[in-house]
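Predicted model and sequence follow; I will ask about them next.
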Amino acid sequence: MKQRKSMSKWLLSVMMLALVLSACSTGNNGSGGDSPSNADNPGAAVSEPGDPFGTYDPPITIDAVRYVGEEVKFPAGQDIKDNVWTELYKEMGINLNYKWIVTGSEQYESKLNIAIASNDLPDIMQVNATQLRQLADAGQLEDLTAAFDNYASEDLKMVMDIEKNALPSATFDGKLLAIPSTQPVIGGSAPLVWVREDWMEKLNLPEPSSMDDLIAIAEAFAKQDPDGNGKADTYGLALTKDIGLNASSVGFFNGFGGFPQIWVEDAAGNLQFGSIQPEMKEALGKLQEMFQNKLIDPEFGVKDTVKVFESVTTNKIGMIIGPSWYPAWPLWDMVKEDENVKWKSYPVPSVDGGAATVQMPFAVSQYYVVKKGYSNPEVIVKLANLYYEKLYSENAEFDKYGQVVEGDTSIGVNKYSLVEVVNPNKDLIRQEELEKALESGSDAEISSAETVIMYKEFQEYLAGNNPLGWSGYAANGPDGSMKQLRLLNDEGKVTTNAYVGAPTETMADRKATLDRLEQETFIKIILGEASLDSFDEFVANWKKLGGDQITEEVNAWKAAR
Amino acid sequence: MLHKPSLSRKIFLGFNYVILIGLGLLCFLPIVHILAVSLSSKWAATAGVVKLWPVDFTLASYQYVLNKPQFMVAMWITVQRVVLGTAISMLLTLLIAYPLSKEPKDFKFRTQYAWFFVFTTLFSGGLIPRYMTIRDTGLIDTLWALIIPGAVAVFNVILLLNFFRGLPKELEESCFIDGGGYITSLWNIYAPLSLPAMATVTLFTIVGQWNEWFDGLLLMNSPEKYPLSSYLQTIIVQTNLTNITADDAAALADVSNRTFKAAQIFIGSLPILLLYPFLQRFFVKGIVLGSVKE
Amino acid sequence: MLDKKFRRQWPLHLMILPGVIIVLIYSYWPMVGIAMAFQKFVPFKGLFGSEWIGLDNFRYVFDLPETGQIIWNTVFIAFMKIIGGLIVPIVVSLLLNELRNELIKRGVQTLVYLPHFLSWVILGGIFIDILSPTSGIVNQVLGLFGIEPIFFLGSNKWFPYTLVITDIWKEFGFSTIVYLAALTSINPALYEAATVDGANRWKQTWHITLPGMLPIIILLATLSLGNVLNAGFDQVFNLYSPQVYESGDILDTFIYRIGMQGAQYGVATAIGLFKSIISFVFIVVSYSLASKFANYRIF
């Protein structure tokens, strides 16, 4: 007994010691981070318009961090620290010094979180919306308002104009604190219905022009033995376990006018959370019926996208709602293996017939920021200028900075650029130009060297020399998925999250709980383990558990803009 | 052992063989599956039709891996890490376990020391303070960052000290009488006499060093410095498909090749899989020594 | 007198010193971070600039509606894993000990240790296939015995047991190694004497082998009790789905999802501390029980 007491006392003293020791160290770190305090006059150095492509003499050095995608390849003799882009930067008097490099964006995010938490920031970095908010609140970011006004190229300004929410989402208290990395999300995420055309022909089914049609096709695929093997081993519609997050279910909800997980404007102009709207209930009811009717894989509740791809590839499922790029993966693997397999995309039909309005995420999920106190904040604007200039402008050198061919592999060297600002409509413009070029038989009207490369691939494919061209053609050809999205977009039938800020305070506290509730309720309704009316209970709980407060915060955010 | 086995014993032994061989196979099949995937075509892997035998046999994935410099570099770093890390960790484990195996009357603060170490297995300051400490001691981005901070493996210490306690005291006393000190006793008596335990703890240390992937990702500043486990982690983690552009998807389709992943996982685990059969002879040796000892 | 004792014992202190120093620097020093559990931690304000909020981080987690269920799931799964993770390796090592064919013995020993090296990311995909109620091999085998297909990964009734069994499958071979090492240190003379006395194998196992292994069994049992709130993040994360949140969502996966909404260092640290304290209590209690009843000091 006595021994134990003395032991705990002794342990305690060790811990106290540790506390005291660490206290000293943390104190030091804190003051160390603040020392370069010439930051009190942000942007003062750049008061008049500068040259968007001006070189630095003497050269400057920037500490940066970055990730390299797993898919990125390098030509012989180049690597991420030494390549055509770093050469280009050097010519401009910009020396990049990478403090660290990781593989893949998930790794990057967690490593950057650690860098932020341990106060170990580079001069420029890419951050997500949450990290941006965190750094902005802590006053750690350089004001880029003047730098953008003075140094942004015409092209960069044009891109920022296309996505009206891009700059506002990076603006805090009237100060622009980041350059948004705009991306063509429409081709990446907006849902379409992918259908096995060979099965449709075999069963003599009409095109899906309403949700009822779509369900009828699903039923025929499940019940009429489309693969002709005499076994009831096929399903009508693919679903993944993450209901409301994955395109397979998101597109279905869109067909009923539901918009899960995003904020939509109601008739009165207020923002409402899509997942709790009555349209969702209707769609869930249909899914429940379909599940009961065995049109959906009974095991979908444990399968993620890649697992569902397996079922699709092995001819178990004839219809999957997904983004425009499915031809590249997983459909190409099937088409290559069996030439009888035909896949075709359709716009998601609405419940009343015609095309439904579909949803996509906000075009900006990443931002580029400059650490407070860095002497040349405008460099980030110049890097963004440079990306667009060298790849997509009239002076582009795409064959040098975009894509090079080495042996028989083409290498996307554009991925080495530290900053990526892409025209949000890039995919749509490309499709339109390709279609026109195919019609006229000339690439004269094509504005980007990247598109010319694809045009040549199309010609090869159509001449029967390039079977691999199938996936590009199925997406970007005259009847391709991107064309369908382009038409939808022209009709204003592509919507996006109306809330583009970082997670609000209550979101940070409650969203995990609310999402769990949502996911669990939705899947139980579909499986028939819960009645459809439990949706109403979910809505009430959602509001009570913090949803109402989040709605208030989101609308306050809207009012403030 | 001298008398003939009874019928019931024969039946028991029969069942025993069946059960254990069955268990062994059950544990073996996933590796066979991974090997089969690595030898199959990309389509077969994507479709998930490969079970235990390759479908559309091809060696393409092994060609790919052997031409991938990063895989080899990572393997070399792991070898360095395992050799150095195991040597240092085993030395420390011995140096801690031996004094702790003494009774309090022979080593006054042993119990306090023991709790001092055990406490660290239960409480930790979390990721950020750990990272900052390793950074402030200048180890970040060096091989030592993977070796030093985790060098004291408390579980192994406890295991070893328990085996040490089981050894007869007389042997050590005779060593002291011959004029030997603690070090001599540890080196000449304790370590060799507890070979099975030492083999076990060495195995655990090597496996621990081999498998640990998180510290590589956390503490190394570029992928060329990752050990194999960290590198493998970056390739097996499934890419998040929700927020990518159409162009990225096309590029990802290339690398999503599961046969490549399977091949790397298989080659990457071969050395460690072969380690245990190699260490097994020390277990047998232990039996012989054990029979001598009392 | 104390001086004299110290003079005799100082080499022991010296031996242990390097380990003590490393642990002090890399384990105790960072423990200052535990303070975050009581703070609304803001990175740039640092540990001593952040606002102290007392027990708010704990209160936040324990006030969430799902916490009760999640803690129950965690304890239930972890506890069953502890029990199974103790019994199975002991039984297997005893069975292995009965084998006389060295080749088969070593072969089995090696094979059962293989799954330890596969990560749950890989195994997750494999298990979805083999446990499938429609096409999985497990259900096909059960079907031979007339058992209706079971949706192991999708049913809230079965999911926790599936976690426990697959976890034991993955790890038992590795723990078996410890027991096998313990078996080798049992004096063979004892068996010979027992044989002469006419004791059969069953009696020998009961009276010689098991008592010989007992210290190691007590040791591993005590240490594993520290895991009473560790239900296995990697495994659950790769096998669960919203369909089985009810029975399979555990503290670690829950905290992970909270963290996805923004780095909540305070909350994560608070939960970590909570788990540490519970583990500490369990270890202390079982340590004293073992020393009181079995008269055995574990460490």
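Here it is on my side, so go on.

Look at residue B:83 and say how many residues are nearby.
Other residues near residue B:83 come to 12 when the count uses other Cβ atoms under 10 Å in any protein chain shown. C-beta here means a position set from N, CA and C on the backbone, and glycine is covered the same way.

How about the stretch 351-500 of chain A: which residue is closest to chain C?
Relative to chain C, the nearest point of the stretch 351-500 of chain A is residue A:372 (9.9 Å; Cβ to the nearest Cβ).

Touching, that residue and residue A:144? I think so.
No. Look at residue A:372 against residue A:144 with Cβ atoms under 8 Å: they stay out of range, at 11.3 Å.

who has more neighbours, these two?
Neighbours were counted for residue A:372 and for residue A:144 using other Cβ under 10 Å; residue A:144 has more, 26 against 22.

how near is the residue of the stretch 351-500 of chain A closest to chain C to residue A:486?
For residue A:372, the distance to residue A:486 equals 42 Å [Cβ to Cβ, to the nearest Å].

Output the set of residues of the stretch 251-400 of chain A in proximity to chain C.
A:298-299, A:301-303, A:306-307 (Cβ under 8 Å from any Cβ of the partner chain).

Out of these, list just those in helices.
Residues of those located in helices (DSSP state H): A:306-307.

Among the residues of the stretch 251-400 of chain A next to chain C, name the buried ones.
A:299, A:301-303, A:306-307 (16 or more other Cβ atoms under 10 Å in any protein chain shown).

number of nearby residues for residue B:237?
Neighbours of residue B:237 (other Cβ under 10 Å): 15.

swap in the one 10 residues further on?
Other residues near residue B:247 number 22, with proximity taken as other Cβ under 10 Å.

Likewise for residue C:239?
24.

So it versus residue C:150, what's the distance?
15 Å.

and what of residue B:49?
Distance from residue B:49 to residue C:150, by Cβ to Cβ: 24 Å.

okay, these two: which has more neighbours?
residue C:150 (18 against 14).

so who does the more buried one touch?
Residues near residue C:150 by Cβ atoms under 8 Å, 6 or more residues apart in numbering or on different chains: C:133, C:139, C:142, C:158.

closest to chain A among the residues you listed?
Nearest to chain A among the contacts of residue C:150, with distances taken as Cβ to the nearest Cβ, is residue C:133, at 6.8 Å.

Find the nearest non-adjacent residue to that closest one, please.
Ranked by Cβ to Cβ, 6 or more residues apart in numbering or on different chains and with sequence neighbours excluded, the top spatial neighbour of residue C:133 is residue C:149, at 3.9 Å.

wait, doesn't that neighbour sit right on residue C:134?
Yes. Using Cβ under 8 Å, residue C:149 is in contact with residue C:134, at 7.0 Å.

More neighbours: which of those two?
Between residue C:149 and residue C:134, counted using other Cβ under 10 Å, residue C:149 has the larger neighbour count: 16 against 12.

Would you mind finding the longest helix in chain B?
Per DSSP H, chain B has its longest helix at helix B:258-293.

ok, and for that helix, which residues are buried?
For helix B:258-293, by 16+ other Cβ under 10 Å, it's B:258-269, B:272, B:275-276, B:279-280, B:282-283, B:286, B:289-290.

Name the nearest of the residues of the stretch 251-400 of chain A next to chain C relative to residue A:469.
Comparing these against residue A:469 with Cβ to Cβ places residue A:306 closest, at 24.9 Å.

would residue A:110 count as being in a helix?
Yes. Counting by DSSP: H, G, I helix; E, B strand; the rest coil, residue A:110 is located in a helix.

and it, how far is that from chain C?
From residue A:110 over to chain C the distance is 9 Å, taken as Cβ to the nearest Cβ, to the nearest Å.

ok, now how distant is that residue from residue B:223?
15 Å.

same thing with residue C:203?
Distance from residue C:203 to residue B:223, by Cβ to Cβ: 59 Å.

more crowded one of these two?
A direct count of neighbours by other Cβ under 10 Å for residue C:203 and residue B:223 places residue B:223 higher, at 23 against 12.

who's in contact with that one?
A:68, A:101-103, B:70, B:231, B:234.

Who wins on neighbours among those residues?
Going by other Cβ under 10 Å, residue B:231 tops those with 27 neighbours.

what about the helices in the stretch 51-200 of chain B?
B:60-66, B:69-100, B:110-122, B:127-136, B:144-147, B:154-166, B:169-177, B:182-185, B:191-193, B:195-211 (DSSP state H, counting those that start in this stretch).

Tabulate those helices (a markdown table), appending distance to chain A.
Formatted as a markdown table, those follow (distance: least, Cβ to the nearest Cβ, whole Å):
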| stretch | distance to chain A |
| --- | --- |
| helix B:60-66 | 12 |
| helix B:69-100 | 9 |
| helix B:110-122 | 5 |
| helix B:127-136 | 5 |
| helix B:144-147 | 13 |
| helix B:154-166 | 15 |
| helix B:169-177 | 23 |
| helix B:182-185 | 24 |
| helix B:191-193 | 29 |
| helix B:195-211 | 18 |
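
got the ones you listed as CSV, with mean pLDDT and distance to residue B:33 columns?
CSV is the format used below for the helices of the stretch 51-200 of chain B (pLDDT from 0 to 100; distance: least, Cβ to Cβ, whole Å):
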stretch, mean pLDDT, distance to residue B:33
helix B:60-66, 89, 14
helix B:69-100, 95, 21
helix B:110-122, 94, 35
helix B:127-136, 94, 34
helix B:144-147, 96, 31
helix B:154-166, 90, 31
helix B:169-177, 86, 49
helix B:182-185, 88, 49
helix B:191-193, 85, 40
helix B:195-211, 91, 20
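
Turn the ones you listed into CSV, including distance to residue A:187.
Shown next, in CSV, are the helices of the stretch 51-200 of chain B (distance: least, Cβ to Cβ, whole Å):
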stretch, distance to residue A:187
helix B:60-66, 29
helix B:69-100, 31
helix B:110-122, 50
helix B:127-136, 37
helix B:144-147, 42
helix B:154-166, 51
helix B:169-177, 75
helix B:182-185, 70
helix B:191-193, 65
helix B:195-211, 40
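
looking at those, which is closest to residue A:91?
helix B:69-100 (28.6 Å).

Okay, and the residue nearest to residue C:133 sits in which element?
Remark: residue C:149 resides in no helix or strand, with elements defined by DSSP states H and E.

and it, backbone torsions?
phi -60, psi 140 (degrees, to the nearest 10).

which residues sit in contact with it?
Contacts of residue C:149 (Cβ under 8 Å, 6+ apart): C:133-134, C:139, C:142-143.

quick one: which of the residues you listed is nearest chain B?
Here the nearest of the contacts of residue C:149 to chain B, counting by Cβ to the nearest Cβ, is residue C:134; it sits at 13.7 Å.

Pull the contacting residues for that closest one.
Contacts for residue C:134 (Cβ under 8 Å, 6+ apart) come out as A:298-299, C:149.

I'd like the residues you listed written out as a markdown table, with distance to residue B:196 and pLDDT added.
Below are the contacts of residue C:134 laid out as a markdown table (distance: Cβ to Cβ, whole Å; pLDDT from 0 to 100):
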| residue | distance to residue B:196 | pLDDT |
| --- | --- | --- |
| A:298 | 50 | 95 |
| A:299 | 46 | 94 |
| C:149 | 45 | 94 |
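
so for the host helix or strand of residue C:16, what's the average pLDDT?
Per DSSP H and E, residue C:16 falls inside helix C:2-23. Helix C:2-23 shows a mean pLDDT of 85.

hmm, that helix in reach of chain A?
No. Using Cβ under 8 Å from any Cβ, helix C:2-23 stays clear of chain A, with a minimum separation of 10.2 Å.

returning to that earlier point: the contacts of residue C:150, buried ones only, as a ChimeraX selection?
Buried residues within those, by 16+ other Cβ under 10 Å, are selected in ChimeraX with:
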select /C:133,139,158
